[in-house]
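Enquirer: got a structure for you, letters missing:
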Ligand code: PMP
């Protein structure tokens, strides 16, 4: 049967990335991998989860834990998030929060909520690959969100052609893939631009809690509330996640935004999967309530030492002509190589001769550019191996 013929057109842009296929093969023990941007499993609070799951399964709790529940999410977890958002400068109520199965699901729902085929999504060049993957199903056009230039709202609107610009998406703190953070002035500028275009802002805060140095910046949503007085008057939609702080495998994230947006997202969630796993939400609520801050302090100490080691190793081993970012948090460093070096070719050679893995950068660009860029993650590699891996990579680039 020719399945392709009956697949809906929205599938046309959903392709397995060659790189992901290649990286799947990387579980061999002799490879030093800077590829996956994932938490170190040795840092998971497994014992706390063991107790939380046990507690959820006692006779008095099991009827809640194993039962269907509401699409909005588990009440006590939403309450904890309300407190957390208030700490970040975002006063809100339960009605401003929807629990999702990871923030990835929030990106899918937001694509579904806003994008008709041909509408424009503004994204960074580069941007989080998973956001492009989520939005692609809704057949948008992409335009480059570039708050550092003085490009006017009219320019953005003109580029949108027949469709309409619908939102600006940004990973704001220690972005995936660049590790960069949007400063105060740029956050303000994005709100101005969104006001002028009358569009939504999707603030992806997946790494927000993982700051290793410098002062925390108020979320875009907090800055917008300061201007407009009330979250329900704001156009910024904040996507949070427990994946980088507690555990990605439980698939718990959240959306915080104006009630009107949350109510519509609740309808989408009802139609898609009814609700996120009740027991997982209960366990996250228990562990977050007991030890979110102390646990985050612990993982930050480990990740920040690895970041320091990677930055020192880059300084020591990279040849002239290579530049890189100096992230204040998160999991990633972004490298720019001399123009003529293609990082996908480099990966193939690196795997063969140096046994070092990384992610070539071009997949993070909606226009397919960036062939001389690459992403290194330091979150899962011990410090001695970071040094050795960067040294090997430096040798390979110098010879390229
Ligand atoms: N946003 C960004 C920027 C990410 O890097 C990731 C995970 N790699 C996600 C969202 C999705 O994370 P999750 O669904 O686990 O919350």
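Expert: The structure has been received and is ready for your questions. Being a predicted model, the structure only gives us computed values, none of them experimental.
Enquirer: next, the nearest residue in space to residue 123 that is not next to it in sequence: secondary structure please.
Expert: Closest residue to residue 123 in three dimensions, ignoring its sequence neighbours and counting by CB to CB, 6 or more residues apart in numbering: residue 169, at 5.1 Å. C-betas here are computed from N, CA, C, even on glycine. Following DSSP: H, G, I helix; E, B strand; the rest coil, residue 169 is assigned to strand.
Enquirer: make 41 the starting number, not 1.
Expert: Sounds good: first residue 41 from here, last item residue 209.
Enquirer: wait, residue 209 sits on residue 167?
Expert: Yes. The pair residue 209 and residue 167 qualifies as a contact (CB atoms under 8 Å) at a distance of 6.9 Å.
Enquirer: show me which residues of the protein sit near the ligand.
Expert: Contacts of the chain with the ligand, taken as CB under 6 Å from any ligand atom, map to 77, 142-144, 168, 170, 211, 216, 244, 246, 281, 283, 288, 293.
Enquirer: kindly recompute the last result at 5 Å.
Expert: For the chain, the contact set with the ligand under CB under 5 Å from any ligand atom comprises 142-144, 168, 211, 216, 244, 246, 281, 283, 288, 293.
Enquirer: neighbours around residue 122, how many?
Expert: If you count neighbours by other CB atoms under 10 Å, residue 122 ends up with 18.
Enquirer: just the buried residues of stretch 94-102, please?
Expert: By neighbour count with 16 or more other CB atoms under 10 Å, stretch 94-102 contains the buried residues residue 96.
Enquirer: and it, end to end?
Expert: Stretch 94-102 has its terminal residues 10 Å apart, counting by CA to CA, to the nearest Å.
Enquirer: what's that stretch in contact with?
Expert: Outside stretch 94-102, the residues within contact range by CB atoms under 8 Å, 6 or more residues apart in numbering are 104-106, 319, 322-323, 326.
Enquirer: give me the buried subset of these.
Expert: Counted by 16+ other CB under 10 Å, the contacts of stretch 94-102 give 105, 319, 322-323, 326 as buried.
Enquirer: of those residues, which belong to strands?
Expert: The members of the buried ones among the contacts of stretch 94-102 all map outside strands under DSSP state E.
Enquirer: export the residues you listed to a markdown table and tack on pLDDT?
Expert: Putting the buried ones among the contacts of stretch 94-102 into a markdown table (pLDDT from 0 to 100) gives the following:
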| residue | pLDDT |
| --- | --- |
| 105 | 98 |
| 319 | 98 |
| 322 | 98 |
| 323 | 98 |
| 326 | 98 |
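Enquirer: of those, closest to residue 272?
Expert: Taking CB to CB as the measure, residue 272 sits nearest to residue 322 out of those, at 28.4 Å.
Enquirer: that closest one reaches residue 105, doesn't it?
Expert: Yes. Residue 322 is in contact with residue 105 according to CB under 8 Å; the separation is 5.5 Å.
Enquirer: for the ligand, what's the nearest residue on the chain?
Expert: The minimum distance from the chain to the ligand, using CB to the nearest ligand atom, falls at residue 142 (2.6 Å).
Enquirer: now do the strands in the stretch 341-440 of the chain.
Expert: Listed in chain order, the strands of the stretch 341-440 of the chain (DSSP state E, counting those that start in this stretch) span 363-364, 372-376, 396-397, 399-400, 413-417.
Enquirer: longest helix of the protein?
Expert: The single longest helix within the chain, with elements called by DSSP state H, is helix 318-357.
Enquirer: now the angle from that helix to strand 372-376?
Expert: Inter-element angle recorded for helix 318-357 and strand 372-376: 40 degrees (by axes from the mean of the first three to the mean of the last three CA atoms, to 10 degrees).
Enquirer: can you list the buried residues in helix 318-357?
Expert: Result for helix 318-357 [16+ other CB under 10 Å]: buried residues 318-328, 332, 335-336, 339-340, 343-344, 346-347, 349-351, 353-354, 357.
Enquirer: do stretch 278-289 as well
Expert: Buried, per 16+ other CB under 10 Å, within stretch 278-289: 278-288.
Enquirer: and the helices in this structure?
Expert: Under DSSP H, the chain gives helices at 43-46, 58-63, 86-96, 102-105, 115-127, 142-154, 169-176, 193-199, 224-237, 260-268, 299-313, 318-357, 383-389, 423-439.
Enquirer: and the longest one, what does it pack onto?
Expert: Helix 318-357 is packed against helix 86-96, helix 102-105, helix 115-127, strand 372-376, helix 423-439, with contacts defined by 3 or more CB pairs under 8 Å, 6 or more residues apart in numbering; DSSP states H and E.
Enquirer: what's the angle from the last one to strand 372-376?
Expert: Helix 423-439 runs at 10 degrees relative to strand 372-376, counting by the same axes, to 10 degrees.
Enquirer: in helix 423-439, which residues are buried?
Expert: Buried residues in helix 423-439, counted by 16+ other CB under 10 Å: 423, 425-434, 436-437.
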